[in-house]
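Asker: Below: sequence and its predicted model.
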Amino acid sequence: MDAQRLVGDSLAAYRALSTYQDDGYVVVRSKDQSHLQRTSFETRFLRPSYFRFKFSSPHPYPPLAHVVTTCVCGFDGRSAYLCTRHYGNPARVQNYVNIAMAVAGATGISSGSAHTIAQMLLDGLPEHVFASMENAKLGDREVVEGRACQSVHGRIRQADVDITLFIDPDTMTLRQLTTRFAEFTSTEVRRNIRLNEALDKAVFARPDGAI
């Protein structure tokens, strides 16, 4: 199996889905393990463009880890938004012209996880990062969350990062993404993936402030 073809087939599989759901987390570690950041998330998607990505991160100072920032990025069928609540403060909603801009606003604070899945599911986003991988090579098969996955190693030159994708060949879904950049390593894991199950449009309603 060719690495680029596997990545292309995975992207095509996501574009053929009618609905998608998952949950998971991202852990970012520094090279010397002195810095650790964890972000938890969940995804809901209904074609053609209903999207809801909720994520939360605890305060980076360990004694304040019980204080959490929660955000919801989405498109409710009419408009795109990013709703953010920092450490118990009132929620703030930003409106965007389109979902691509809302995802861009959420990418950094979600440790990249908002963009990872949005680029695979949604039309109208910039070119897929994974499609621009250089020197893509197949690696070993590894088990991620109980699924035997094929690893693909490559490099995104414009971002100056090395990445490894872990793709489940049975469903062509991305189960894990490992990114190495500067002095940090990010590991993003997606669990409880559900494909083409019924989803009510009410799931995508804009948060009323209670996020």
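Answerer: Cool, the structure landed.

Asker: and the residue of the chain most remote from its centre, how far is that from residue 85?
Answerer: In the chain, residue 63 marks the outermost C-alpha relative to the chain mean, sitting 27.5 Å out by CA atoms, centre = their mean. Going from residue 63 to residue 85 by CB to CB, to the nearest Å gives 21 Å. Glycine gets a C-beta too; all of them are placed from N, C-alpha and C.

Asker: in this protein, which residue is closest to the centre?
Answerer: residue 113 (2.9 Å).

Asker: Contact partners for that residue?
Answerer: If you count contacts by CB atoms under 8 Å, 6 or more residues apart in numbering, residue 113 has them with 24, 26, 39, 41, 53, 55, 188.

Asker: Go through those residues and flag which are in strands.
Answerer: Under the assignment DSSP state E, the contacts of residue 113 contribute 24, 26, 39, 41, 53, 55, 188 to strands.

Asker: Do you know the pLDDT at the closest residue to the fifth one other than its chain neighbours?
Answerer: Across the structure, with CB to CB, 6 or more residues apart in numbering as the measure, the residue nearest residue 53 apart from its sequence neighbours is residue 73 (4.7 Å). Confidence per residue is given as pLDDT, and for residue 73 that number is 97.

Asker: hmm, who's touching the longest helix belonging to the chain?
Answerer: The residue-count maximum for a helix in the chain (DSSP state H) belongs to helix 3-15. If you take CB under 8 Å, 6+ apart as the criterion, helix 3-15 is touched by 20, 120-121, 128, 130-131, 133, 136-138, 150, 152-154, 165, 167, 169, 171-174.

Asker: Same check on stretch 171-184?
Answerer: Contacts of stretch 171-184 (CB under 8 Å, 6+ apart): 9-10, 12-14, 28-32, 35, 112, 116-117, 120, 144-145, 147, 149, 159-168, 185-190, 193, 195.

Asker: pull the CA atoms of that stretch into PDB?
Answerer: Below are the C-alpha coordinates for stretch 171-184, written out as PDB (Å, rounded to 0.1, in the frame of the first residue of the first chain):
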ATOM      1  CA  THR A 171     -12.900   2.300   8.400                       C
ATOM      2  CA  MET A 172     -10.200   4.700   6.900                       C
ATOM      3  CA  THR A 173     -10.600   6.900  10.000                       C
ATOM      4  CA  LEU A 174      -7.800   8.800  11.700                       C
ATOM      5  CA  ARG A 175      -7.400   7.300  15.200                       C
ATOM      6  CA  GLN A 176      -4.300   9.200  16.300                       C
ATOM      7  CA  LEU A 177      -2.100  12.100  15.200                       C
ATOM      8  CA  THR A 178       1.400  12.700  16.600                       C
ATOM      9  CA  THR A 179       3.000  16.000  15.800                       C
ATOM     10  CA  ARG A 180       6.600  17.000  16.600                       C
ATOM     11  CA  PHE A 181       7.600  20.600  16.400                       C
ATOM     12  CA  ALA A 182      10.300  22.700  18.100                       C
ATOM     13  CA  GLU A 183      10.600  21.400  21.600                       C
ATOM     14  CA  PHE A 184       7.200  19.900  21.800                       C
END
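
Asker: Just the buried residues out of the contacts of helix 3-15, in ChimeraX syntax.
Answerer: Buried residues within those, by 16 or more other CB atoms under 10 Å, are selected in ChimeraX with:
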select :20,120,121,130,133,136,150,152,153,154,165,167,172,173,174
